[in-house]
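give me a 3D structure for the following:
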Amino acid sequence: MSTMMAPVGAPSEDLPKDRGWLTQKNLIGTLATGFIPLTLATLVVALPLLWMVLSSFKSTPEIITLDLHILPANPSLHNYQEAFSSVPFARIFMNSVFVTVVGATVKVFLAIITAYALVFVRFPFKNVIFIGILVALMVPSQVAILPNYILIASLGWLNTYQGIIVPSLGTAFGTFLLRQQFLSLPKSMLEAAEVEGAGHWRRIWSIVVPVSGPSIATVALVTIVAEWNDYIWPLIITTDPNLMTLPVGLTLLQNSESGPQGYGVMMAGAVIVLVPVLLVFAMLQRYIVAGLTQGSVAN
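Here you go, the predicted model:
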């Protein structure tokens with residue numbers, strides 16, 4: 001029996017004619033459930049930030065007016081100069097950089113070795129400790145402010161860098177996320193390294209850390225943002241302007257630039273606080289989705 005073949009390039013009557021997303025129903029569904037909500041959410045977040053940046057280059061009459069102008073008529077850095085002259089912003093900026101770099105580095109380091117121990121090291125009450133970490137995730141950090149303050153004051157660490165950094169060095173979120181990631185790693189890799197004589201320290205930095213880059217980058221990004229934006233604890237623990245961080249420095253700036261005349265200066269100060277963390281986020285954002293999903297399925 002012979003089978004008739006359709007000529008190459010000729011339309012087949014038996015193949016379904018699926019025009020896909022070009023149908024009116026699919027277009028409406030895509031716009032209603034995807035594009036329009038996403039656009040609105042982006043505008044809600046981006047427009048206030050854009051207005052803040054533009055206003056930081058405006059003069060006071062341009063900000064306090066009923067005749068709205070989006071772009072500044074005569075862009076000027078006067079507000080930024082005023083912010084740096086009213087408050088020791090250069091010193092405050094360096095304080096934030098120091099606190100963020102040291103605090104985030106130690107937090108990520110502790111999260112890595114703690115998560116490794118919870119997965120690959122055998123010791124008593126390991127599950128109990130992990131449950132304690134989960135409980136810490138559910139407890140607001142504000143609950144520990146008073147005990148931490150009493151402890152730091154008794155140690156004489158008020159108005160010190162260690163007083164700002166030490167109480168928040170533990171990170172339950174980072175430990176939990178990295179533990180889930182480490183559970184997904186093939187145990188055969190670690191066993192082979194152990195057979196070859198590699199100790200825990202070498203296994204961490206030669207095997208576990210390199211293959212868990214996205215998850216570690218995610219923990220680092222979340223930690224950096226949290227350290228940079230932390231306000232309540234540095235506000236309580238510091239009274240010396242030379243030791244304040246940027247969020248607290250904004251409060252100091254607001255006190256010195258009270259009233260409508262200081263709106264432009266406050267906008268400039270907020271931009272100074274916002275830009276560095278946005279740059280860090282832009283550099284690490286491609287790791288976020290991969291990092292949050294990399295350890296979602298554990299072996």
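
show me this protein divided up by domain.
25-55, 78-294 (automatic domain parsing).

in the shortest one, what counts as buried?
Spelled out, that is domain 25-55. Judged by neighbour count using 16 or more other C-beta atoms under 10 Å, the buried positions of domain 25-55 are Leu54, Ser55. C-betas here are computed from N, CA, C, even on glycine.

ok, back up a step: I'd like the domains of the chain written out as JSON lines, with distance to Ile70 added.
Shown next, in JSON lines, are the domains of the chain (distance: least, C-beta to C-beta, whole Å):
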{"stretch": "domain 25-55", "distance to Ile70": "7"}
{"stretch": "domain 78-294", "distance to Ile70": "14"}
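
His69 is nearest to which of those?
Distance to His69, taken as C-beta to C-beta, is lowest for domain 25-55 among the domains of the chain, at 9.4 Å.

buried residues in stretch 262-278?
262-274, 276-277.

closest to Pro61 among the residues you listed?
Nearest to Pro61 among the buried residues of stretch 262-278: Gly264, at 10.0 Å, using C-beta to C-beta.

where does the chain have low pLDDT?
Where the chain drops to pLDDT under 70, the residues are 1-22, 258, 288-299.

go again using 50 as the cut-off
1-6, 9-10, 12-17, 295-299 (pLDDT under 50).

tell me where it has strands.
In the chain, no segments count as strands under DSSP state E.

so where's the longest helix in it?
As assigned by DSSP state H, the longest helix anywhere in the chain is helix 89-120.

for that helix, buried residues please.
Neighbour-count burial for helix 89-120, counted by 16+ other C-beta under 10 Å, picks out 89, 92-93, 95-96, 99-100, 102-104, 106-108, 111-120.

quick revisit: out of the domains of the chain, which comes closest to Asp67?
Asp67 lies closest to domain 25-55 among the domains of the chain, at 14.6 Å (C-beta to C-beta).

the nearest residue to Val108 once chain neighbours are set aside: neighbouring residues, count only.
Nearest residue to Val108 in three dimensions, chain neighbours excluded: Ala220, at 5.2 Å (C-beta to C-beta, 6 or more residues apart in numbering). For Ala220, the neighbour count with other C-beta atoms under 10 Å is 20.

my guess is Ala220 meets Val280, correct?
No: the pair Ala220 / Val280 is not scored as a contact, 9.0 Å apart, by C-beta atoms under 8 Å.

so which residues of the stretch 101-250 of the chain form helices?
Assigned by DSSP state H, counting those that start in this stretch, the stretch 101-250 of the chain shows helices spanning 126-138, 145-155, 161-165, 172-183, 187-195, 200-203, 209-211, 213-229, 232-237, 246-256.

which neighbouring elements make contact with the third one?
Spelled out, it's helix 161-165. On a contact count with 3 or more C-beta pairs under 8 Å, 6 or more residues apart in numbering; DSSP states H and E, helix 161-165 meets helix 89-120, helix 232-237.

possible to save these as CSV with distance to Leu155?
Shown next, in CSV, are the helices and strands packed on helix 161-165 (distance: least, C-beta to C-beta, whole Å):
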stretch, distance to Leu155
helix 89-120, 17
helix 232-237, 11
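
which one of those lies closest to Leu137?
Across these, the minimum distance to Leu137, taken as C-beta to C-beta, is reached by helix 89-120, at 12.7 Å.

between the closest one and helix 213-229, how many degrees?
140 degrees (axes from the mean of the first three to the mean of the last three C-alpha atoms, to 10 degrees).

mind giving me the packing neighbours of helix 89-120?
Packed next to helix 89-120, using 3+ C-beta pairs under 8 Å, 6+ apart, are helix 126-138, helix 161-165, helix 172-183, helix 200-203, helix 213-229, helix 246-256, helix 263-284.

let's have those in JSON lines, adding distance to Ile237.
Formatted as JSON lines, those follow (distance: least, C-beta to C-beta, whole Å):
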{"stretch": "helix 126-138", "distance to Ile237": "21"}
{"stretch": "helix 161-165", "distance to Ile237": "5"}
{"stretch": "helix 172-183", "distance to Ile237": "21"}
{"stretch": "helix 200-203", "distance to Ile237": "34"}
{"stretch": "helix 213-229", "distance to Ile237": "14"}
{"stretch": "helix 246-256", "distance to Ile237": "10"}
{"stretch": "helix 263-284", "distance to Ile237": "19"}
